[in-house]
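Participant: Dropping a prediction and its sequence here:
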Amino acid sequence: MALANENYLKTPEIYCFDEVEKRVNAYKVLHPTAKIIRLGVGDVTRPLTNEVVQAMHLAINEMSHVDTFRGYSPPQGYDFLIEKILKEYRSNSVSLTKESIFISEGAKSDIGNLGHVLGRDNIIAIAEPVYPVYENATIMSGRAGFLNDDQKWSNVVYLRCSRETGFKPELPEEKVDIIYLCNPNNPTGTTLTKADLKKWVDYAIEHESIIIYDGAYNAYITEEDVPKSIYEIKGAKKVAVEIRSYSKTAGFTGLRCGYTIIPPELMVYTKMGEMAALNKLWNRRKANYTNGVSYVVQRGAEAIYSRKGKAEVQDLVNYYLTNASIIRKELLNCGLEVYGGKSSPYVWFRTPKDTPSWKFFHQLLYEFQLVGTPGVVFGQLGEGFMRFTGFSSREGTQIAMERIKNKI
Ligand code: PLP
């Protein structure tokens, strides 16, 4: 008899964003001609940039000739891409070694897979509200413990990230081993400054914890005091893994590419107290569980680092940031309490009259044909809030704001 990994049964059967989809589809059945505008999804809508497309065309041509054909990628990724990443970090005064970089098929899988190289008994800290994958990965890997009546997992430390804390996660009072931080944060669009992050790095050094720093939205940072990388903070190389993605930076949600940085000086411990370099453990995992990201996609990612490539990608990011600022402005005009949207494509706002978020979701859908994401899907502390994203088209964003103007 084959046994199931029962930890998987503890997560919701439907991923939270699919629940939104299910409810939108139910509306569509009743209102087939409605012109729905989606401000809910975290997926990009603009096409790939010219430099990326050209580079991939060239790469596919190479693949069609016997002399230039490529098979498996090196498990860590091709040097041509790794070198560009290192150069970009250097230009930001962060010096990393080549072996620190692991090219990935995007951030989400690495967020989950990192759990495989970390001990089962680690205590995990997760901000609330936050990207749901951190909690689900913790549950599936059997680290979450049991579910209490208040819907919190017994072995997870929830870091309050509410309006009282300015939507910045609070440092835990107890000792935790692994801390997920997302900066700029999804869903709140809020950021941690250098001073904020320093407190986290100092905490991790003091408690021999590690920080899994999700920088999926780093390209959106416009505020001077918000670091582009956690390694700008002294000591961070000893305690932080940084995860980056080309998804929201360059429209790679469908292509799939990103990278994870694990500096060789970052140590984890055996139960006997012996040190082990996390980089080495990850290297073993990569070599045994993956065969890398395709050559064509890595060439596409490399093209982002050329002068033209950088400018095109910046235009893309500016497009979504402008959408976010249009949303932000209109919601403020409506007299709502609004967060994010400055260094993030996400705008987070308090529902009018404290309406529960799913109720407000239905109100937006049925009265204005708009789709947002109810804050509560990101954790209980997201209740009473809603997330809009700047990832729609400019036209769609403007029409959406016209629909709600002075009406919510
Ligand atoms: N991290 C955060 C905070 C996200 O919001 C997302 C996607 O929405 C991801 C990671 C996943 O990114 P990727 O497309 O690289 O898997």
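Facilitator: Noted; the coordinates are in hand. Numbers count the residues shown, from 1 in each chain.

Participant: per-domain residue ranges of this structure.
Facilitator: 6-47+308-404, 53-306 (automatic domain parsing).

Participant: As a check, name the ranges of all helices in this protein.
Facilitator: For the chain, the helices defined by DSSP state H cover 16-30, 50-63, 79-91, 107-113, 133-140, 194-207, 247-250, 278-289, 295-302, 307-333, 357-368, 394-404.

Participant: Figure out which of the domains of the chain is closest to the ligand.
Facilitator: Nearest to the ligand, of all those, is domain 53-306, at 3.1 Å by C-beta to the nearest ligand atom. Every residue, glycine included, has its C-beta placed from N, CA and C.

Participant: how far out from the middle of the chain is that closest one?
Facilitator: 9 Å (C-alpha atoms, centre = their mean, to the nearest Å).

Participant: returning to what we had before: a markdown table please, covering the domains of the chain and showing mean pLDDT and mean neighbour count.
Facilitator: Shown next, in a markdown table, are these (pLDDT from 0 to 100; neighbours: other C-beta atoms under 10 Å):
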| stretch | mean pLDDT | mean neighbour count |
| --- | --- | --- |
| domain 6-47+308-404 | 95 | 18 |
| domain 53-306 | 96 | 18 |
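
Participant: quick one on the thing from earlier: reformat the helices of the chain as CSV; add distance to residue 270.
Facilitator: Putting those into CSV (distance: least, C-beta to C-beta, whole Å) gives the following:
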stretch, distance to residue 270
helix 16-30, 36
helix 50-63, 42
helix 79-91, 29
helix 107-113, 20
helix 133-140, 21
helix 194-207, 18
helix 247-250, 35
helix 278-289, 11
helix 295-302, 34
helix 307-333, 42
helix 357-368, 44
helix 394-404, 52
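
Participant: can you put the ones you listed in CSV and add distance to the ligand?
Facilitator: Below are these laid out as CSV (distance: least, C-beta to the nearest ligand atom, whole Å):
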stretch, distance to the ligand
helix 16-30, 9
helix 50-63, 15
helix 79-91, 15
helix 107-113, 3
helix 133-140, 7
helix 194-207, 16
helix 247-250, 3
helix 278-289, 16
helix 295-302, 12
helix 307-333, 13
helix 357-368, 18
helix 394-404, 18
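
Participant: of all those helices, which lies closest to residue 40?
Facilitator: Nearest to residue 40 among these is helix 16-30 (5.7 Å), distances taken as C-beta to C-beta.

Participant: For that closest one, report the contacting residues that lie outside it.
Facilitator: Helix 16-30 has contacts (C-beta atoms under 8 Å, 6 or more residues apart in numbering) with 12, 14, 34, 36, 38, 40-42, 132, 361-362, 365-366, 371, 373-374, 377-378.

Participant: Same check on stretch 247-254?
Facilitator: 42-44, 46-49, 52, 106-107, 216-220, 245-246, 256, 258, 297, 300-301, 304, 313, 316-317, 320, 345.

Participant: Swap in 6 Å and give it another go.
Facilitator: Under the contact criterion C-beta atoms under 6 Å, 6 or more residues apart in numbering, stretch 247-254 has outside partners 43-44, 46, 48, 106, 216-217, 219, 246, 304, 313.

Participant: Could you do stretch 204-222 as well?
Facilitator: Outside of stretch 204-222, the residues within contact range by C-beta under 6 Å, 6+ apart are 107, 175-182, 184, 228, 230, 235, 239-245, 248-249, 317, 343-344.

Participant: Tell me which of the residues you listed fall in strands.
Facilitator: 178-182, 240-245 (DSSP state E).

Participant: Now do the contacts for residue 193.
Facilitator: Per C-beta under 6 Å, 6+ apart, neighbours of residue 193: 225-226.

Participant: cutoff 8 Å now
Facilitator: Per C-beta under 8 Å, 6+ apart, neighbours of residue 193: 223, 225-227.

Participant: Dump those to JSON lines, plus distance to the ligand.
Facilitator: As requested, these are exported to JSON lines (distance: C-beta to the nearest ligand atom, whole Å):
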{"residue": "223", "distance to the ligand": "18"}
{"residue": "225", "distance to the ligand": "21"}
{"residue": "226", "distance to the ligand": "15"}
{"residue": "227", "distance to the ligand": "16"}
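
Participant: Alright, calling it a day.
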